[in-house]
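> the following comprises the amino acid sequence and a computationally predicted model.
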Amino acid sequence: MSSAVEPGRVLVEISEGIGTIRFHHPKSNSLPGVLLQRLAAEVTALGADGEVRVIVIRSDGTGPFCGGASFQELQAIQSAEQGTNFFMGFARLILAMIRCPKFVITRVHGKAVGGGVGVVAASDYAIAGPGAAIKLSELAIGIGPFVVGPVIEWKLGHSALTTLGVNATEWRDAEWAREKGLYSEVLSTVDEVDSAVQTLATRLAASSPEAMAQMKQIFWQGTEQWETLLPERAAMSGRLVLSDFAQQAISGR
């Protein structure tokens, strides 16, 4: 991968049983490989931290919540192995979130694209603002939502996945995403979102860790094969991103 790819940043704060992970990237909070690796590592670390009862994931800024995969890094991929390794970043983050023994709340203040939708789907409870529209844009750049597809289908259903996957250029608004089950709540302002996230996280931080851990296992029961499935899907994306169609589509962004 090119060393010129901006890595972005991840900040972690632990306060009164709440572990907050904040990520930022100057290009629409997109996710290069380094940022994906750090996010997965921090989710795993907070999951093992005895001081943490609940995890909150959020991004910074007032623009998109997450712009999905880093186009700059996608352009730098030169082999199927590199491609697979990049898309495994999304697989590892999704697995870290759903295997974490603690509930993960996601604060979605703005739009989510591609892999960003997968991150939201992998959380246990998502609270969104009115501008939190979603789109799976992968087909439009010559690949498909292969890695994020299983978790999106798990949370939203097969019909919603096909709707998003096939019509890859159309935004679906936050209320549509709530009706399909991606968002647990859609509130009128970002201030209301922040208040609701804090209220829920505080309540969960005072709840039984054992009960929450067992609930989490039940919520994701049936996904045990994903440790095999998601790498297979990453390899599919890793090969397709090398195609002439994909490279031309990505370079035109």
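Done, it's in.

> now the strands for the stretch 51-200 of the chain?
54-59, 104-108, 112-113, 125-128, 134-135, 185-186 (DSSP state E, counting those that start in this stretch).

> of those strands, which approaches F87 most closely?
strand 112-113 (15.2 Å; C-beta to C-beta). Quick note: C-beta positions are derived from backbone N, CA and C, even for glycine.

> how close does S207 get to Q221?
20 Å (C-beta to C-beta, to the nearest Å).

> try I98
10 Å.

> looking at the two, which one has more neighbours?
I98 (21 against 8; other C-beta atoms under 10 Å).

> right, and that one touches A122 too?
Yes: look at I98 against A122 with C-beta atoms under 8 Å: they come within range, at 5.5 Å.

> if I look at these two, which residues touch both of them?
V151 (C-beta atoms under 8 Å, 6 or more residues apart in numbering).

> what residues of the helix ranked longest in the chain count as buried?
Longest helix of the chain, by residue count under DSSP state H: helix 80-99. Within helix 80-99, the residues scored as buried using 16 or more other C-beta atoms under 10 Å are 82-99.

> what do you get for stretch 200-213?
Neighbour count says stretch 200-213 has L200, A201, L204, A205, P209, M212 buried, by 16+ other C-beta under 10 Å.

> for the first one, report the pLDDT, please.
At L200, the predicted lDDT confidence score is 98.

> distance of it from L74?
For L200, the distance to L74 - C-beta to C-beta - is 35 Å.

> related to what we said a few turns ago, show me the buried residues of stretch 200-213 that map onto helices.
Checking those against DSSP H, those in helices are L200, A201, L204, A205, P209, M212.

> got a list of what the second one touches?
The neighbours of A201, taking C-beta under 8 Å, 6+ apart as the test, are I18, V54, V56, I105.

> ok, now how distant is the nearest residue to the first one once chain neighbours are set aside from I250?
By that I understand I18. Nearest residue to I18, sequence neighbours excluded (C-beta to C-beta, 6 or more residues apart in numbering): A201, at 4.7 Å. Distance of A201 to I250, computed by C-beta to C-beta: 37 Å.

> and stretch 157-171, end to end?
Using C-alpha to C-alpha, to the nearest Å, the end-to-end distance of stretch 157-171 comes to 18 Å.

> cool, stretch 132-143 as well?
Chord length of stretch 132-143, first to last residue, is 24 Å (C-alpha to C-alpha).

> and it, what's buried?
Under 16+ other C-beta under 10 Å, the buried positions of stretch 132-143 are A132, A133, I134, K135, L136, S137, E138, L139, I141, G142, I143.

> and if you look at stretch 214-227?
So, applying 16+ other C-beta under 10 Å, buried residues of stretch 214-227: K216, W220, T223, W226.

> before we move on, back to that, next one: the longest helix of the chain to chain centre, how far?
Put simply, helix 80-99 sits 11 Å off its chain's centre (C-alpha atoms, centre = their mean, to the nearest Å).

> again with stretch 197-207
21 Å.

> dump that stretch to PDB, keeping only the CA atoms.
Provided in PDB are the C-alpha atoms of stretch 197-207 (Å, rounded to 0.1, in the frame of the first residue of the first chain):
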ATOM      1  CA  VAL A 197     -26.500   7.800  23.600                       C
ATOM      2  CA  GLN A 198     -25.200   9.100  26.900                       C
ATOM      3  CA  THR A 199     -28.400   8.100  28.700                       C
ATOM      4  CA  LEU A 200     -28.400   4.600  27.300                       C
ATOM      5  CA  ALA A 201     -24.700   4.000  27.900                       C
ATOM      6  CA  THR A 202     -25.000   5.200  31.500                       C
ATOM      7  CA  ARG A 203     -27.900   2.900  32.100                       C
ATOM      8  CA  LEU A 204     -26.000  -0.100  30.600                       C
ATOM      9  CA  ALA A 205     -22.900   0.700  32.600                       C
ATOM     10  CA  ALA A 206     -24.900   0.100  35.700                       C
ATOM     11  CA  SER A 207     -26.400  -3.100  34.400                       C
END
